[in-house]
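*Asks:* When you get a sec, could you give me coordinates for this:
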Amino acid sequence: MKIRKKANMTRSLPKLPFQNKGHFITQKNEEEEELDFSFELSPETTKSTKKEFYRFHKTIERIQEQNQFYNRNDNLMSSLSSPQIPPGSFGLFNRQKNDVLQLNHMKYGDKYMVILAKGLQKQNDIKEFHLNDNRMTQMSSSEIIKSTKGAYKLSLSKNKIGSGCLEIGNSLVSRDCKIQLLNLEDNKLKESLIIEILDRIADNRSLKILNLSKNNISNNCCTALCNMIQNNEDIQELYLHFNRLNGNGAIMIFNSLQKSNLKVLDLSQNSIGIGLDWSNSFNQMVSTNKELIHFDLSFNKISYKITLNIAEGLKKNKTIIGFHYTGNSGYVDTKGFLIPIETAEMEQSQHQIAQRIQGCQYIRQKRLRSYRDSNIKDCCWICEGWRQVDFQWNPQDSGPANDPMFLHLSYLNYDDLYMGKIEQGLRVQRMVPPGLCYYFFTNDDIQCVAQDQLHKRWPLPLNKVRILDKKVDVKLNHLNYINVQGTQIIDKYYMPMINVQPRQEDLIYIPDVIENKSIWSFPISLFKDWKKDTEEMLDKCFSNDWNLSRITKLVKDENDRNACYEFLRSNYQQIKDTYKHFACLSPIGDVWAISSLINLQLLSQIKLTEMNEKGIIKQQDMELKYLATISGTEKGNFRKPERGMVRFQFLEMWIRIAEDKYIRNGIAKSFEEALKWLWEDHLKEEFNKYNSQTFRDSRYWNEKCDLCMKHYKTILDSVYIRYSVKKVKPGQRPFMSLQELQDMCSHIGLNQLDTYGPNTSLFAFNKSMMTQIDEVNSDRIFQMSFVEFLEAFARIAEDVDSRSIGLHLKIEQLIWRCYNLFSDIYAQPNQSYFQDEWDQINKQQSDEDIDNYY
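*Replies:* Next up is the predicted model:
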């Protein structure tokens, strides 16, 4: 009854079909036809397997009589008919691979195995024998091994083959031996048998994988074991798990491994931490051996002292990709470094749940993960299927980049990872465990996400993130992420399929240290690219305007003309700045020009229409002079609008006004004299009010404004990039247009402030532009560069904030408004860069409020 239950349990396995005629499985004499011992599976035979099997046993006596009559050898039939062997249905061959014998966990004893061995003596097409977890002893194992000729894999774990392994040893030294995998785990072999089989394996050239785990191997076998390791260059994997090796044997093993081709070695759950100190032998081995890839030293009672020594030696090795050290005084971190710990705390069940290595296979071991892993321990890139990932920041697509740039990964507790210098390329290769990996970047002390990489909304704050030597609370609304799939990183030839080396030190950010802090100066600031108005520049600009104007036609006398040239040139800086100021009041589209109405406003401000001792010019005459100046404009050039006065025409207009007021009235006899009278009476005082350089020298070009903009340069870069696209042609360098500057002001909410007027952005744009020699034939005056944008930003901050505080504080407040443009990319700052100064201002304000109260 028990046997029938066992048969029912194996019903789902493939069945062993017999021929309809039972005598075909008996052995014939030489003169008779060759018997068919092959077993072919088909859906038709599978359904009736059990029925045919029992019908065969019903007719077994008749078949024996036939064998006796024909003088056939019926040893197999006699065995099958033995009353000690009840019939049962076997699941022997799988459907996909008919050359694989699968008989694991069947608990079959010697009687069944002997029958199987006799039935398989002529079955030479079986390449893999899996007979694990049965009850074979020396008797049946010897018979089975005789039937394994031509096999590549022989797995006999969890049996009691005893001296039957000698038959294996004999087959290993045979020239016809093709065995590549030999598994003798948990067979309780005697040490004498182990030594004998190791001696024979030393001369074998086919074996690749040898498993002698759980066989009570002690140091007595180490000599034969080391001899096999040194002499057999074909062994790739050696498993000695759960034996009785201690520190003395470890020294011998590590010495033999210095010149070995072994790729995988499992010494887990031995006692090599007991006995002699083998750390020096280990360090010498890992420094010379370049072949070992996967190494397991788990649960060996290794002390903290030895762990310290081998941790230093292991740092120099870059070929051992998978290193296991669970259950000892240390753990392996995410980069493969061995981290010593004084007390090896482990759970009682850790021995049972610890995963054994399986060559270099990815075994899909699941690890508990969270959105922020504080300290991942006992990492193995091979077993867990870690994947190589390239993290990079592309300034063109990800966003602007400034030194220093850090990467923060969730499985590293978001600790800072320096990405190197910008000119060398911001790219980091890391091995990442399977699962979701969240990350973000720190760009010049500002936390942000890469715009061109996957990112999702993140509602949770990230508190106490390490950045350099401080802890920062990060408040990002989005995080970049990548879903990492586990993968095989070692191929079948034991070659790594990754570029990342284990135990590779990260780049270290070293701030520039200046022993003697230099005094702040313009050349080391962000403003260094600004081109000041030099005398040479003003000469070229004035010469260009003079040549474009019709002054030479108005002033006929050459000497008088030269004198006018020199006088106007000496005051050209004030004339140019005044034109730029009034051109901001009425631009025609993007073209800076002075309209008729604005021109009358200017003439009124300089009191040119008021009566004095030198006469008066009527308003109608003023308008005629304006029309005469702008008439004859070249058509087709939008930079010279028909109803606007540009810079060179502004210069010409004063010649016409001087002539009308001073020469025609007889006050002046030359144009030079008339210009001097006009300058002293009306222009000098007014034109000195519009010097654009005054703002730069008194408010903007200083150390604090420079530090503020350097600190927030990433945000300023992002703003400039976002608003520098509308009018940029393909292949052209980015620039910001007037419309884009106005859009920026609107998007950050400045148009809702009472202090922000419609002309604020106009003045900021035009007064921040560097002087251009030719404004008529070049578009440069409409194209704002980054250094000009910085000044325009500062001018806007000055105009919209009426408080009596430093400009750097106003700039910072305006920058904080810009964070709203990038709420999904950048984290809002936790405090001001000038927090101490703000605290002092707030305290002073509180004291004033108290004084006013009393």
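
*Asks:* Average pLDDT for the one helix or strand L182 maps to, rounded please.
*Replies:* Assigned by DSSP states H and E, L182 belongs to strand 181-183. Confidence over strand 181-183, taken as the mean pLDDT, stands at 95.

*Asks:* cool, stretch 827-846 as well?
*Replies:* Mean predicted lDDT for stretch 827-846 stands at 86.

*Asks:* Buried residues of that stretch, list them for me.
*Replies:* Using 16 or more other CB atoms under 10 Å as the test for burial, stretch 827-846 gives 827, 829, 833-834, 837-838. Glycine gets a C-beta too; all of them are placed from N, C-alpha and C.

*Asks:* ranges for the helices of the stretch 251-400 of the chain?
*Replies:* Counting by DSSP state H, counting those that start in this stretch, the segments of the stretch 251-400 of the chain that form helices are 279-288, 304-315, 350-353, 381-384.

*Asks:* Deepest-packed of those, please.
*Replies:* helix 381-384 (a mean of 24; mean count of other CB atoms under 10 Å).

*Asks:* other SSEs contacting that one?
*Replies:* Taking 3 or more CB pairs under 8 Å, 6 or more residues apart in numbering; DSSP states H and E as contact, the helices and strands that helix 381-384 lies on are strand 322-324.

*Asks:* Direction included, what does the strand it packs on pair against?
*Replies:* Counting by DSSP bridges, the strands paired with strand 322-324 are strand 294-296 (parallel).

*Asks:* what comes into contact with the partner strand?
*Replies:* Contacts to strand 294-296, defined as CB atoms under 8 Å, 6 or more residues apart in numbering, come from residues 241, 263-268, 320-324, 356-357, 359-360, 382, 490.

*Asks:* Could you double-check that I310 sits in contact with F337?
*Replies:* No - checked against CB atoms under 8 Å, the pair I310 and F337 is beyond contact range at 11.6 Å.

*Asks:* quick one on the thing from earlier: export the helices of the stretch 251-400 of the chain to CSV and tack on mean pLDDT and distance to E143?
*Replies:* Below are the helices of the stretch 251-400 of the chain laid out as CSV (pLDDT from 0 to 100; distance: least, CB to CB, whole Å):
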stretch, mean pLDDT, distance to E143
helix 279-288, 96, 42
helix 304-315, 96, 46
helix 350-353, 50, 36
helix 381-384, 94, 38
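
*Asks:* can you redo those as JSON lines with distance to I598?
*Replies:* Written out in JSON lines, the entries for these read as follows (distance: least, CB to CB, whole Å):
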{"stretch": "helix 279-288", "distance to I598": "82"}
{"stretch": "helix 304-315", "distance to I598": "74"}
{"stretch": "helix 350-353", "distance to I598": "84"}
{"stretch": "helix 381-384", "distance to I598": "72"}
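
*Asks:* So for G666, which of those helices sits nearest?
*Replies:* Closest of those to G666 is helix 304-315, at 97.4 Å (criterion: CB to CB).

*Asks:* what packs against the closest one?
*Replies:* Using 3+ CB pairs under 8 Å, 6+ apart as the contact test, the elements touching helix 304-315 are helix 279-288, strand 330-332, strand 338-340.

*Asks:* the residue most distant from the middle of the protein, which is it?
*Replies:* With distances taken as CA atoms, centre = their mean, the residue sitting farthest from the centre of the chain turns out to be G666, at 81.4 Å.

*Asks:* any idea how far N219 is from it?
*Replies:* Counting by CB to CB, to the nearest Å, the gap from G666 to N219 is 126 Å.

*Asks:* Same question for S761.
*Replies:* Counting by CB to CB, the gap from S761 to N219 is 85 Å.

*Asks:* Neighbour count for the two, which is higher?
*Replies:* Looking at S761 and N219 with other CB atoms under 10 Å, you find the greater number of neighbours at S761, namely 25 against 20.

*Asks:* what stretches of the chain score poorly on pLDDT?
*Replies:* Residues of the chain that meet the criterion pLDDT under 70 lie in 1-58, 60, 64, 72-97, 122-123, 344-353, 513-518, 609-616, 633, 846-854.

*Asks:* Go ahead and flag the most central residue of it.
*Replies:* The residue at the geometric middle of the chain, judged as the C-alpha nearest the mean C-alpha position with CA atoms, centre = their mean, is F391 (2.0 Å).

*Asks:* And the furthest pair within the buried residues of stretch 827-846?
*Replies:* A827 and E837 (22.4 Å).

*Asks:* burial count for D533?
*Replies:* D533 has 16 neighbours, counted by other CB under 10 Å.

*Asks:* for it, phi and psi?
*Replies:* Geometry field for D533 lists phi and psi as phi -80, psi 90, criterion degrees, to the nearest 10.

*Asks:* contacting residues for it?
*Replies:* Contacts were defined as CB under 8 Å, 6+ apart; by that measure D533 touches 573, 693, 771.

*Asks:* Pick out whichever of these sits closest to K305.
*Replies:* Closest approach between the contacts of D533 and K305, by CB to CB: Q693, at 71.3 Å.

*Asks:* Tell me where the stretch 701-850 of the chain has strands.
*Replies:* When assigned using DSSP state E, counting those that start in this stretch, the stretch 701-850 of the chain turns out to have no strands.

*Asks:* all helices for it, in order.
*Replies:* Counting by DSSP H, counting those that start in this stretch, the segments of the stretch 701-850 of the chain that form helices are 703-711, 713-722, 738-747, 760-768, 786-800, 807-818, 835-853.

*Asks:* Of these, which is nearest Q180?
*Replies:* When these are ranked by proximity to Q180, the top entry is helix 713-722, at 58.2 Å, counting by CB to CB.

*Asks:* outside of that closest one, which residues touch it?
*Replies:* Around helix 713-722, the neighbours that count as contacts under CB under 8 Å, 6+ apart are 399-402, 443-444, 446, 448, 526, 709, 734, 736, 744, 786, 789-790, 793, 815, 818-819, 821-822, 825-826.

*Asks:* What subset of the residues you listed is buried?
*Replies:* Of the members of the contacts of helix 713-722, the ones counted as buried by neighbours, 16+ other CB under 10 Å, are 399-402, 443-444, 446, 448, 526, 709, 736, 744, 786, 789-790, 793, 815, 818-819, 821-822, 825-826.

*Asks:* hmm, back to that, does the residue farthest from the centre of the chain belong to a helix, a strand or coil?
*Replies:* Following DSSP: H, G, I helix; E, B strand; the rest coil, we place G666 in the coil state.

*Asks:* Look up how far N477 lies from the nearest residue to C448 once chain neighbours are set aside.
*Replies:* With CB to CB, 6 or more residues apart in numbering as the criterion, C448 has its nearest non-adjacent residue at 4.5 Å, and that residue is Y826. The span separating Y826 from N477 equals 9 Å under the rule CB to CB.

*Asks:* Repeat that for Y662.
*Replies:* Y662 is 67 Å from N477, where distance means CB to CB.

*Asks:* what's the answer for I272, then?
*Replies:* As it turns out, when the distance is counted by CB to CB, I272 lies 52 Å from N477.

*Asks:* follow-up on the earlier one: give me the more crowded residue out of Y662 and N477.
*Replies:* Shown here are Y662 and N477; by other CB under 10 Å, Y662 has more neighbours (23 against 16).

*Asks:* need the contact list for the more buried one.
*Replies:* Y662 makes contacts with 614, 668, 673-674, 677-678, as judged by CB under 8 Å, 6+ apart.

*Asks:* swap in N248?
*Replies:* Counting by CB under 8 Å, 6+ apart, N248 touches 219, 222, 275-276.
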